[in-house]
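Engineer: give me a model of this one.
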Amino acid sequence: MRTDELEMIKTGELAIEGNTMQPLPTLRDIVAVPFRQRWPMLIAFAIVVIAVAVSGMWVPSYEAQMKILVRRQRSDAIVTSSANAPPQYNSDQVSEEDLNSEVELLNSEDLLRKVVLTTGLAGKSTSPTDRESGVRIATAVRKLGKELKIEPLRKSNVISVRYKARDPEKAEEVLKALSAAYTEKHLEVHRSSGEYKFFDQQTEQYQQGLNQAQTKLTDFTKGTGVVSAELERDSALRQANEFDSTARQAQTTVQETEQRVRALQAQLQSLKPRMTTVVRTSDNPQLLQQLKSTLLNLELKKTELLTKYEPGYRLVQEVDQEITDAKSAISAEESKPIREESSDRDPNYQWVLAELTKARADLSGLKARAASAASIAEQYHEDAKRLDQNGLVQQDLQRAAKTQEDNYLLYVHKREEARISDALDQRGILNVALAEQPIAPSLPSRSLLNVALLTLLLAGAFSLSTAFFFDFMDPTFRTPDELAKYLGMPVLAALPKGGD
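Structural biologist: Predicted structure coming up:
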């Protein structure tokens with residue numbers, strides 16, 4: 001290898017290709033290519049510019065945007081047969097499946113079709129029954145589905161919806177129509193259809209059944225005169241037990257009273273009605289005093305007569321005889337005193353007689369009381385049996401009325417829940433909300449300067465690539481070095497084309 005070639009390798013001006021040293025292309029060689037292939041490069045540049053112009057990228061487009069927030073503020077009520085629905089333990093977190101479901105709902109064909117018909121994207125004179133109009137509508141729906149950019153934002157519960165149009169008002173109108181149709185579709189999907197009507201029909205049905213059951217119960221009460229058979233039966237049983245106890249007590253008392261009457265009768269026979277209470281013995285003081293006074297007078301008279309007469313005188317003897325009689329009378333009176341006796345009713349006899357009379361009276365009353373209590377107790381037992389039978393019938397009627405009432409209240413509660421749910425849905429209390437309302441954009445989505453720079457960059461790259469491609473595919477020799485490389489021998493002389 002020559003010294004000059006080694007020097008060129010060191011400086012990077014030669015490249016080793018196989019066993020042959022080839023010089024590297026210089027800046028002049030590179031710049032010469034566009035000059036040699038200027039016409040293909042200009043044609044490629046023009047093609048790119050025309051393509052961009054035809055594609056409409058130069059025409060300004062406006063992009064409207066809205067954002068939908070998916071949340072879990074209200075869950076659908078569970079329809080159960082119980083008055084109180086079981087608690088729902090729903091997480092407040094919105095899953096990825098929920099977001100994807102809402103995205104699919106926004107992309108549904110019937111929703112896009114409604115937007116197309118509302119905004120007139122398929123043309124003004126469109127009729128769903130016309131075949132040609134149907135084709136235009138289907139085409140507009142497909143185009144709208146491609147132009148709508150619906151995607152959930154990462155790490156959020158927000159769905160972004162964007163739509164481009166050349167008219168900013170049209171972009172806003174399409175998104176507003178989409179928002180209204182989506183809200184209506186969301187209500188239709190999440191609301192139980194016919195729920196309120198079903199509960200209202202069931203409520204009326206069970207209300208009629210409740211009225212009939214209450215009427216039967218009222219007629220039974222009026223016909224039998226039983227207000228509460230169970231309470232009246234228990235009361236009758238209590239009264240029957242009380243009168244049974246009273247009858248048993250009266251019967252026991254009757255036996256005791258009969259035994260007492262017999263004892264009193266036996267005791268009464270051993271007693272007398274009257275008894276001596278006072279025995280008093282005394283002299284007759286007046287008679288004794290009179291006799292003693294007479295005796296004294298006779299002795300005085302005797303004494304007076306003895307002063308005048310002899311003891312044998314007849315007058316004196318008569319006086320002596322009178323004195324002897326007087327003394328005899330006094331002695332007889334003193335030897336026989338006066339005896340006085342007082343008698344009264346015997347209190348024992350009277351008490352026994354009174355107790356016997358009272359016991360006999362009590363005995364008749366106790367017998368009547370025992371018979372009456374036994375009769376009343378038997379009547380209460382019969383009433384209790386009758387009330388027990390009536391109670392079974394009344395319990396059946398009350399049970400039927402209670403069942404009808406429970407069902408009626410259940411469906412009233414469910415109807416109210418359905419009404420509240422419908423009211424909340426109609427007022428827009430949804431699980432989704434518009435976080436950002438669509439507005440007409442004031443600025444185009446792409447800047448004309450950026451489009452121009454991008455077009456020039458793309459056209460320049462494509463034209464340069466075309467120039468180098470045509471230059472590479474050109475089989476002619478353009479420099480002496482190419483000829484020397486191809487022949488493998490040095491070129492002694494080279495003449496410029498056209499004498500240049």
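
Engineer: now do the SS call for Leu272.
Structural biologist: One correction, residue 272 is Lys, not Leu. On the three-state scheme (DSSP: H, G, I helix; E, B strand; the rest coil), Lys272 is labelled coil.

Engineer: could you check how far the residue nearest to it when sequence neighbours are not counted is from Val316?
Structural biologist: Nearest non-adjacent residue to Lys272, counting by C-beta to C-beta, 6 or more residues apart in numbering: Asp346, 5.9 Å away. No exception for glycine: its C-beta is placed from N, CA and C like everyone else's. Asp346 sits 61 Å away from Val316, going by C-beta to C-beta, to the nearest Å.

Engineer: and if you look at Gln239?
Structural biologist: Here Gln239 is placed at a distance of 108 Å from Val316 (C-beta to C-beta).

Engineer: just Pro273 next, same as before
Structural biologist: 61 Å.

Engineer: and the two? which has more neighbours close in?
Structural biologist: The neighbour count for Pro273 versus Val316, taken as other C-beta atoms under 10 Å, is higher for Val316 (18 against 10).

Engineer: so for that one, what's the nearest residue that isn't a sequence neighbour?
Structural biologist: Leu305 (4.9 Å).

Engineer: just checking, the one you found touches Gln317?
Structural biologist: No - assessed by C-beta atoms under 8 Å, Leu305 is found out of contact with Gln317, at 9.8 Å.

Engineer: so what's the residue count around Ala44?
Structural biologist: Residues near Ala44, counting by other C-beta under 10 Å: 22.

Engineer: quickly find the element holding it.
Structural biologist: Following DSSP states H and E, one finds Ala44 within helix 38-55.

Engineer: which one is Ala250 nearest to, not counting chain neighbours?
Structural biologist: Here the residue nearest Ala250, using C-beta to C-beta, 6+ apart, is Ala370, at 3.5 Å.

Engineer: now do the contacts for the residue of the chain positioned farthest from its centre.
Structural biologist: Distance from the C-alpha centroid of the chain peaks at Glu310, with 152.4 Å (C-alpha atoms, centre = their mean). When contacts are counted by C-beta atoms under 8 Å, 6 or more residues apart in numbering, Glu310 touches Val316.

Engineer: what about it, distance to Ile323?
Structural biologist: Distance of Glu310 to Ile323, given as C-beta to C-beta: 17 Å.

Engineer: do Leu264 as well
Structural biologist: 66 Å.

Engineer: next one: Arg136
Structural biologist: 189 Å.

Engineer: same question, Ala46
Structural biologist: 214 Å.

Engineer: neighbour count winner among those two?
Structural biologist: Legend: neighbour count by other C-beta under 10 Å for Ala46 and Ile323, higher for Ile323 (18 against 12).

Engineer: wait, isn't the more buried one in contact with Leu300?
Structural biologist: No - Ile323 is beyond contact range of Leu300, at 10.4 Å (criterion: C-beta under 8 Å).

Engineer: residue ranges of the helices in the stretch 201-350 of the chain, please?
Structural biologist: Secondary structure of the stretch 201-350 of the chain (DSSP state H, counting those that start in this stretch): helices at 229-269, 285-306, 314-335, 347-426.

Engineer: so how far is the longest one from its chain's centroid?
Structural biologist: Translated: helix 347-426. Relative to its parent chain, helix 347-426 has a centroid offset of 36 Å by C-alpha atoms, centre = their mean, to the nearest Å.
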